[in-house]
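Trainee: quick one, fold the following:
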Amino acid sequence: MDFKQTSNDFLQNVLYFLAVVGKKTMEYGAVVWSYLRRMLIAVGAFMCRLYGRLSAAKITQDTRPAVPRKPSRKDSATGSLYEDEYDGFRTKKSPTWWNVTKGIMRFFLRGIATVLLVCVITGCIVGVTSMVYVLVYLDKDIDFELNSLKLNYTSVIYVPSTGGSYVEYQKLHGSENREWVDYDQIPQSVKDAVVSIEDHRFWTHSGVDWRRTIFAFGNMFLHMSDSQQGGSTITQQLIKNITKENEVSIDRKLKEIFRALELEKRYTKVQILEAYLNVIALGNGCNGIQAASRTYFNKDVTQLTVPESACLVGITKNPYQYNPLYRPEKNKERQEQVLYEMKKWGYITEEEYEVYKAEPLTFNTAAVYNPDTKSYNNWYVDQIIFDLIRELQSDAGMSETEARMAIYNGGLQIYSCMDLRMQNQAEAIFKDPSNFAKFPRTVQPQCAVVVMNYTGEVKCIVGARGTKTADLALSYASQEKRQPGSSMKPLSSYGPAVEFGYLEFSTPVTDNPITLGGKSWPRNSGNVYRGNIPAVKGLEVSANCVAVRIARYITPQRSFEFMTKRLSLDLIENKKYGNEWKNDVNLSAAIGGLTEGVTVLEMTAAFAIFGNGGKFYEPYTYTKVLDADGNVLIDHGVNEYTQAISPETSTIMNRMLRSPVTGGNGTARSAAFGGYPIFGKTGTTSDDKDRYFAGGTPYYVSCCWFGYKNPSPLEIKSPNHALVAWKKVMQMAHQGASGKEYPFSSNVVARSYCLMSGGIAGPGCPSAGTGYYVRGSSMPVCPLHSGGAANEAYTRFLDNKTAFDTTTTASTTTTQSTATTPPPVVTTPPSTTSSTTSTTSSTTSSTTSTTTTTKTTTSSTTTTTKTTTSSTTTTTKTTTSSTTTTTTTKPTTTATTAAPAPEPTPEQVSE
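Mentor: Model (predicted):
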């Protein structure tokens with residue numbers, strides 16, 4: 001590697017060229033040898049034929065005249081005479097067959113020698129080039145750790161069982177269904193079977209079986225045998241399974257050989273065999289012997305018999321061809337071959353071989369894939385995955401891709417909160433069309449529900465109607481925001497007003513529209529307006545005007561902060577849509593007119609504060625998550641909460657929210673079932689596109705939504721379809737539940753109040769109800785039926801509450817209102833907000849300023865009090881002749897850079 005790093009570009013190019021030449025030479029070597037072999041065979045045949053012909057032929061005389069001999073002269077010393085005459089014709093013999101053969105042999109041997117010399121030279125070049133290629137260019141490094149393979153296997157979801165224990169419910173895995181098992185847990189029969197059939201010299205070689213490798217390499221070129229046996233050892237197969245490199249090339253094979261040698265230096269045989277048996281592909285999406293054992297035989301790997309072990313090991317040669325569920329005959333042949341190899345190498349006896357071969361196998365036919373019966377995750381499992389991805393991103397700093405990999409391949413142990421009975425029955429309810437009204441369209445409306453306990457544990461969740469047809473499908477319960485309608489009122493108006501001390505159980509509020517921009521807004525359902533009514537009555541009949549007046553007094557800004565900061569509702573503070581800026585910091589939010597809406601899961605968690613003493617818990621679907629080694633990654637065992645509202649407010653709101661269910665004019669009277677004390681609030685948009693119901697019992701809190709996938713008016717407007725579905729699910733959830741009560745604050749007392757005035761009931765009140773008040777409440781006695789001092793006290797009380805029914809004169813630039821001071825429980829007047837709560841969204845502020853003026857003139861002798869009250873105006877003015885004092889108070893104005901909110905329109909909520 002150092003050589004490569006220090007080589008210049010020219011040398012690298014030369015080496016690369018030589019490497020390519022060497023590879024090509026080796027690739028075409030088979031072709032060269034094939035031609036050379038054919039040539040030698042042809043030469044041999046020719047020589048044999050020639051030999052036969054020459055042996056049979058007679059030696060013939062050459063009929064050509066002899067070459068005349070030149071006269072010769074002997075040396076004079078010898079006494080020889082000159083010969084001046086020819087001795088006639090001489091006879092010349094033809095060449096023998098041996099001479100011919102030698103000539104031919106000499107010619108061909110010279111050719112062969114030349115070819116061999118060329119081959120030797122080429123071989124040297126190839127050898128040097130190959131050496132350089134291996135040392136410099138071949139990537140033979142191992143870039144993986146066997147221990148890290150344990151991170152790539154199946155995660156498991158557990159569900160609660162009896163006695164606080166958990167049972168396995170479902171496995172989560174990606175494309176590879178893998179469950180790691182340690183070496184000691186794998187039966188010896190599995191180890192013997194795989195060694196016998198795949199690599200019988202596994203325990204003795206150093207990663208590469210050179211005899212098998214050389215034979216396989218030579219057979220590839222010379223076709224010496226019809227055997228298709230490869231030369232890969234278990235170590236080499238492990239590398240191929242890990243790297244996923246399956247190309248048929250010399251380059252890959254060389255890398256595999258060197259990597260195998262290196263792997264055997266780093267790890268023991270036991271570690272290598274353990275890893276191999278946990279990663280091999282065994283069909284049906286199974287990777288590893290444990291996953292295959294559970295899939296094909298529905299048993300743990302430790303329970304496998306010898307025939308079953310041979311059956312599974314045989315699959316690895318070709319998982320498609322030898323799948324026992326689809327091709328049992330082929331698998332049986334392969335199983336017998338594995339058993340034969342086990343007998344051959346001494347792992348079983350002849351008698352055992354015959355017994356095992358005849359033993360029948362019983363397969364888990366439920367694992368056979370059938371597209372018509374394919375099952376998908378239930379809605380709860382999908383929600384676990386969504387929640388876990390989000391939490392791993394936020395807490396562990398993972399990307400979404402990394403989080404998904406951890407869930408599907410990290411071997412996590414996920415302990416869920418799912419009530420399996422409740423989840424199954426809820427999904428059954430949503431699958432049955434008879435549980436829903438039949439709408440005239442072909443595509444029916446959708447529905448979603450969440451049931452949660454009061455510590456944040458989601459017990460069941462259903463994201464849509466009908467049969468689930470995909471994993472991680474769109475969930476209307478947690479992924480789709482919809483308009484909540486009047487179900488938002490306890491969160492945006494009544495709840496914060498009681499918490500901030502502006503509202504009590506029976507505080508009288510004017511049920512008449514206010515005027516914004518010259519328009520009367522909002523409108524009640526059926527255009528019914530009731531004048532001054534107790535606050536609890538406004539909640540019972542879902543009076544929009546009452547909710548808006550309350551929200552206006554506490555200011556839209558404080559209402560928005562209450563919902564987003566205390567209840568974690570995902571609302572819009574300032575967002576641009578096209579060329580228009582929008583927000584939810586306005587009076588429209590008081591009655592559910594939101595920019596985007598809220599999810600069913602958000603509403604469920606928010607309503608829980610009215611049944612658990614005011615604690616807000618983030619909803620969760622699992623109590624803890626462990627990694628593959630058993631370390632705790634996430635623990636919700638002691639789930640943290642925020643005290644969103646006081647226990648006193650929670651108790652009062654719980655009783656107020658029972659009025660829609662128990663009141664004579666309640667909008668949710670049909671929600672009652674089983675004698676449980678139920679609180680809840682309906683939600684219906686004025687355009688009839690969405691239906692909501694959120695409510696609870698002492699056991700569970702739940703929310704349900706109903707509407708079309710693409711928002712459009714519901715043709716059947718009554719009853720509230722969300723309430724119908726909510727009741728069916730909650731009745732199912734409460735099977736066998738009885739005797740539990742809501743927490744009740746010791747600082748809250750029950751007192752009778754007059755149903756007409758809202759004041760504390762006196763002896764003369766013709767009708768009274770039970771209200772709930774903080775101990776020491778300033779709620780006065782009813783003035784209509786008591787008289788005297790009580791009447792004066794009630795008048796003073798109304799003076800302090802007139803913010804709920806003041807007159808607002810709106811203009812395009814300035815809004816001014818005359819009002820009394822806030823209630824005694826508030827030490828400072830509520831602040832108003834400009835810009836985001838302008839004249840188009842708040843009746844107590846403007847784009848310039850808001851001024852509250854109180855004029856008082858005092859005399860030592862005469863005091864005259866004149867009070868004029870209408871549905872929209874209250875003015876207090878006292879005049880004498882001696883001294884005049886004028887006090888002007890300008891509340892704090894909070895300015896923002898946000899664009900003005902749009903003007904609320906009557907296109908809001910009705911019941």
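Trainee: in stretch 769-777, which residues are buried?
Mentor: Neighbour-count burial for stretch 769-777 flags 769, 771, 772, 773, 774, 777 (criterion: 16 or more other CB atoms under 10 Å). Yep, even glycine has a C-beta here, placed from its N, CA and C like the rest.
Trainee: quick one, what contacts the fourth one?
Mentor: In other words, residue 773. Residue 773 makes contact with 504, 505, 652, 748, 749, 751, 779, according to CB atoms under 8 Å, 6 or more residues apart in numbering.
Trainee: low-confidence ranges in the stretch 101-250 of the chain?
Mentor: 101-102, 104, 123, 126-145, 147-152, 174-177, 215-231, 246-250 (pLDDT under 70).
Trainee: now the helices for it?
Mentor: For the stretch 101-250 of the chain, the helices defined by DSSP state H, counting those that start in this stretch occupy 188-198, 210-222, 234-243, 250-266.
Trainee: likewise the stretch 301-450 of the chain?
Mentor: Under DSSP H, counting those that start in this stretch, the stretch 301-450 of the chain gives helices at 306-315, 328-344, 350-358, 379-396, 400-409, 420-431.
Trainee: just the angle for the first one relative to helix 188-198, thanks.
Mentor: Relative orientation of helix 306-315 with respect to helix 188-198: 40 degrees, computed using axes from the mean of the first three to the mean of the last three CA atoms, to 10 degrees.
Trainee: tell me the domain boundaries of this protein?
Mentor: Domain assignment of the chain by automatic domain parsing yields the ranges 2-58+93-137, 185-367, 808-894.
Trainee: rank these by pLDDT, which is bottom?
Mentor: Lowest mean pLDDT of the domains of the chain: domain 808-894, a mean of 34.
Trainee: related to what we said a few turns ago, using TSV, lay out the contacts of residue 773 together with neighbour count and pLDDT.
Mentor: Shown next, in TSV, are the contacts of residue 773 (neighbours: other CB atoms under 10 Å; pLDDT from 0 to 100):
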residue	neighbour count	pLDDT
504	27	96
505	27	97
652	27	98
748	21	98
749	13	97
751	16	97
779	20	89
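Trainee: turn the buried residues of stretch 769-777 into TSV, including distance to residue 328, pLDDT and secondary structure.
Mentor: Converted to TSV, the buried residues of stretch 769-777 look like this (distance: CB to CB, whole Å; pLDDT from 0 to 100; DSSP: H, G, I helix; E, B strand; the rest coil):
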residue	distance to residue 328	pLDDT	secondary structure
769	75	95	strand
771	76	98	strand
772	72	98	strand
773	77	98	strand
774	76	97	strand
777	80	90	coil
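Trainee: what segments of the stretch 701-850 of the chain are helices?
Mentor: In the stretch 701-850 of the chain, the helices defined using DSSP H, counting those that start in this stretch lie at 721-733, 789-801.
Trainee: mean pLDDT for the ones you listed: which is lowest?
Mentor: Among the helices of the stretch 701-850 of the chain, helix 789-801 scores lowest, at a mean of 61.
Trainee: one step back: report the two of the buried residues of stretch 769-777 separated the most.
Mentor: 769 and 774 (17.6 Å; CB to CB).
Trainee: adding distance to residue 235, write the contacts of residue 773 out as a markdown table.
Mentor: As requested, the contacts of residue 773 are exported to a markdown table (distance: CB to CB, whole Å):
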| residue | distance to residue 235 |
| --- | --- |
| 504 | 80 |
| 505 | 78 |
| 652 | 73 |
| 748 | 75 |
| 749 | 80 |
| 751 | 84 |
| 779 | 85 |
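Trainee: before we move on, back to that, distance to residue 688 and mean neighbour count added to the helices of the stretch 101-250 of the chain, as CSV?
Mentor: Shown next, in CSV, are those (distance: least, CB to CB, whole Å; neighbours: other CB atoms under 10 Å):
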stretch, distance to residue 688, mean neighbour count
helix 188-198, 64, 21
helix 210-222, 75, 14
helix 234-243, 59, 22
helix 250-266, 66, 18
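Trainee: put together a markdown table for those helices, with distance to residue 469 on each row.
Mentor: Output for the helices of the stretch 101-250 of the chain, formatted as a markdown table (distance: least, CB to CB, whole Å):
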| stretch | distance to residue 469 |
| --- | --- |
| helix 188-198 | 38 |
| helix 210-222 | 48 |
| helix 234-243 | 34 |
| helix 250-266 | 41 |
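Trainee: so for residue 300, which of these sits nearest?
Mentor: That would be helix 188-198 among these, by CB to CB, at 12.3 Å.
Trainee: which residues sit against that closest one?
Mentor: 202-203, 233-234, 237, 273, 276-277, 289, 301, 304-306, 309-310, 312-314, 316-317, 337-338, 341-342, 344-345, 347-348.
Trainee: quick one, what contacts residue 484?
Mentor: 592, 594, 597, 598, 603, 683, 690, 692, 694 are the contacts of residue 484 under CB under 8 Å, 6+ apart.
Trainee: nearest to residue 586, of the residues you listed?
Mentor: residue 594 (9.7 Å).
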